[in-house]
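In: build me a model from this:
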Amino acid sequence: MLAAAVALALAAPAAAPAPAAAAPSVLAAADTAPDTTVTWSVRPADTAQGRDRPNYGYDLAPGGTVGDALSVTNRSAEPITLAVYAADGFLTADGALDILAGGEESTELGSWIDIATPQLTLDSGATAEVPFSLAVPADTPPGDYAAGVVASMLVTGDDGTVTERRLGSRVHLRVMGDLAPALTVTDVAVDYHGTLNPVEAGSATVTYTIHNTGNSRLDPDVDVALGGPFGWAAVTAEDDAPELLPGSTLERTVEVAGVLPLGLLAADVTATSQVVSRTLEGTEASTFDPLVTVGSASTAAVPWTALALLLLVAGVVAWRIVAARRRKAAHEREIAAAVAAATAGREDGTGAGHDSPSESAVTVVAQGAPAAGPGGDADATTTAPRSP
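Out: Residues are numbered from 1 along each chain as shown. Reported below is the predicted structural model:
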C-alpha cells in the first residue's frame, strides 16, 4: 500500500524538518518518525525566471515555453537517492493545494513539465539543480493551471506500508487569453442551536458549497449574515475561505454566535472574490472588478424551552376546562335523573299507588238543610267509612 506523506500548501512556504535549516518549500512533512524523517530540502533555483522565489509563477501564451530549475539539498549524513517529477495540482477537502501521487497520470500542467533528471543521487550536504522545461500545448484554453515539482523518496515501514515522502514547490501557470471568472454559492443550510433560557441568544451552524465555475484562480472573502424576520437582530461572521482553482468545489462550515430565537432565521452567504493575478515578477493587484455571489437559506429559530412551557400551560388549562365541562355534564345528568324519578312518582300516584291501605277516611262536604239547633243555620259534615 502506498500512502502520500506530504501535501502542497497554499500558505506560506514551510521548512522541511531536517537536522539543519532547510530552504523554503511549499511542502511540509506529515510524519516526523525517526525512520521516515525528511532529510532534504527543495526550493525554486535562482534562474533567469527569478531569485528567492517561494514558488513558480508563469504567464504564457498557448504554445509558449519556459525553462527553470529546482534546487535540492541533502541534509542527512548519508547519501540519498530521490525521484524528481511534476504532477497536476488539486484542492483537498480543507482547501489545501496538493498534487497527484507519484504514478498517477497528469492530464494538464503536470504533464506539460519535462524534468531533465528524473532520478537524483546526492552525497551528504550536497546541493544540485534539476532543470525542467514547461511547454504549453497550442490548443490549451486560456485560464489558470496548477501543479507541483517535487523530490520524493519511498520509505517502507515495519508493517510493510510504503510511504511516499516528498517535498516540492508549487507551479502556477496562467495561459493568456480571455479570462472568465465565475463563482457559485449553493446548498446553503442553517441549523439553529438554542439554550435552556428562552430569552438567551443561541448559535447557528451555516454550511454552504462554493464552486469556481470560471477559468481563473479566485480569492474569495465570505461573509455570513443571520437575522430574524425583516432583518431583526442581525449578526455576521466571516469565513476565511482558501483560494479556489478553476473547477474546484469546497464545502464550508461557519459557526455563528449571538443568534436570537425570533421564530424564523434567515442566512445570507456573500462571497466577494478577487481574481488572483500572477506574473513572472510575482503577485500583482487584480485588474478585474470584485465578483459578488450570494446564496441564501432559512430555518426555524424557536425558543423551545418557552414553547414547551407554553404547551404545558395550555395543556393544564385545556384539562381544567374539560374537567369542568365533565363535572357540569354529570351534575346535569343527576338533575335530569331526579326530575325523571319525581315525574314517574306523580304518574304512579293517580293509579294504584294507594291500593295498599285497607281503609281510609273520606271527607264529604255537603250543603243541605240546616240542622235544628239553637244557633241557627249551619253546614252539615259527615264522615263515612270507605268500603274496602
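In: what residues of the helix or strand that contains Ser298 count as buried?
Out: Following DSSP states H and E, one finds Ser298 within strand 291-301. Residues of strand 291-301 classed as buried: Leu291, Thr293, Gly295, Ala297, Thr299, Ala301 (neighbour count, 16 or more other Cβ atoms under 10 Å). Using the backbone N, CA and C atoms, a C-beta is placed for each residue, glycine as well.
In: the second one contacts Pro181, correct?
Out: No: at 10.4 Å, Thr293 does not count as touching Pro181 under the criterion of Cβ atoms under 8 Å.
In: quick one: common contacting residues for these two?
Out: By Cβ atoms under 8 Å, 6 or more residues apart in numbering, Thr293 and Pro181 have these common neighbours: Ser273.
In: how does this structure divide into domains?
Out: The chain is divided into the following domains under automatic domain parsing: 2-175, 183-302, 305-341.
In: JSON lines for these, including mean pLDDT?
Out: Converted to JSON lines, these look like this (pLDDT from 0 to 100):
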{"stretch": "domain 2-175", "mean pLDDT": "83"}
{"stretch": "domain 183-302", "mean pLDDT": "88"}
{"stretch": "domain 305-341", "mean pLDDT": "79"}
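In: doesn't Gly57 lie inside a helix?
Out: No: secondary structure of Gly57 (DSSP: H, G, I helix; E, B strand; the rest coil): strand, not part of a helix.
In: that one: neighbour count?
Out: Gly57 is flanked by 21 other residues according to other Cβ atoms under 10 Å.
In: hang on, it packs against Ser169?
Out: No: judged on Cβ under 8 Å, Gly57 makes no contact with Ser169 at a distance of 10.5 Å.
In: contacts only, for the nearest residue to Gly214 once chain neighbours are set aside.
Out: Spatial nearest neighbour of Gly214, excluding adjacent residues (Cβ to Cβ, 6 or more residues apart in numbering): Ala182 at 3.6 Å. The contact partners of Ala182, by Cβ under 8 Å, 6+ apart, come to Asn212, Thr213, Gly214, Leu291.
In: what is Val66 paired to in the beta sheet?
Out: On the basis of DSSP bridges, Val66 is bridged to Leu134.
In: show me what the strand holding Ser298 is packed against.
Out: Packing contacts for strand 291-301, counted by 3 or more Cβ pairs under 8 Å, 6 or more residues apart in numbering; DSSP states H and E, involve strand 183-193, strand 202-212, strand 263-275.
In: mean neighbour count and distance to Val162 added to those strands, as CSV?
Out: Compiled in CSV, the helices and strands packed on strand 291-301 are given as follows (neighbours: other Cβ atoms under 10 Å; distance: least, Cβ to Cβ, whole Å):
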stretch, mean neighbour count, distance to Val162
strand 183-193, 17, 38
strand 202-212, 20, 34
strand 263-275, 20, 40
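In: between the ones you listed, which one is nearest to Pro62?
Out: Nearest to Pro62, of all these, is strand 263-275, at 19.5 Å by Cβ to Cβ.
In: partner strands of the closest one and their direction?
Out: Strand 263-275 has these strand partners (DSSP bridges): strand 218-227 (antiparallel), strand 291-301 (antiparallel).
In: ok now it, how far from the chain's centre?
Out: Once both centres are worked out by Cα atoms, centre = their mean, to the nearest Å, strand 263-275 turns out to sit 13 Å from its chain's centre.
In: if we can go back for a sec, moving C-terminal of the strand holding Ser298, what's the next helix or strand?
Out: Remark: after strand 291-301, the chain's next helix or strand is helix 304-349, criterion DSSP H and E.
In: and the angle from that following helix to strand 202-212?
Out: 120 degrees (axes from the mean of the first three to the mean of the last three Cα atoms, to 10 degrees).
In: that older thread, which outside residues touch the strand holding Ser298?
Out: Residues contacting strand 291-301 (Cβ under 8 Å, 6+ apart): 181-192, 194, 202, 204, 206, 208, 218, 228, 259-275.
In: correct me, but Ala146 touches Leu100?
Out: No: Ala146 lies out of contact with Leu100 (Cβ under 8 Å); the separation is 11.3 Å.
In: now the common contact residues for these two.
Out: Common contact partners of Ala146 and Leu100 (Cβ under 8 Å, 6+ apart): Asp88, Phe90.
In: the more surrounded of these two?
Out: More crowded of Ala146 and Leu100, by other Cβ under 10 Å: Ala146, with 25 against 19.
In: can you name the next helix or strand after the helix or strand containing the more buried one?
Out: Ala146 is part of strand 143-156 when elements are defined by DSSP H and E. The helix or strand immediately downstream of strand 143-156 is strand 162-175, counting by DSSP H and E.
In: pairing partners for that next one, with directions?
Out: Partner strands and pairing direction for strand 162-175 (DSSP bridges) are strand 2-4 (parallel), strand 56-60 (parallel), strand 143-156 (antiparallel).
In: tell me which of those strands lies nearest to Ala342.
Out: Nearest of the strands paired with strand 162-175 to Ala342, taken as Cβ to Cβ: strand 2-4 at 98.1 Å.
In: ok, Gly247 touching Asn212?
Out: Yes: counting by Cβ under 8 Å, Gly247 does reach Asn212; the two are 6.4 Å apart.
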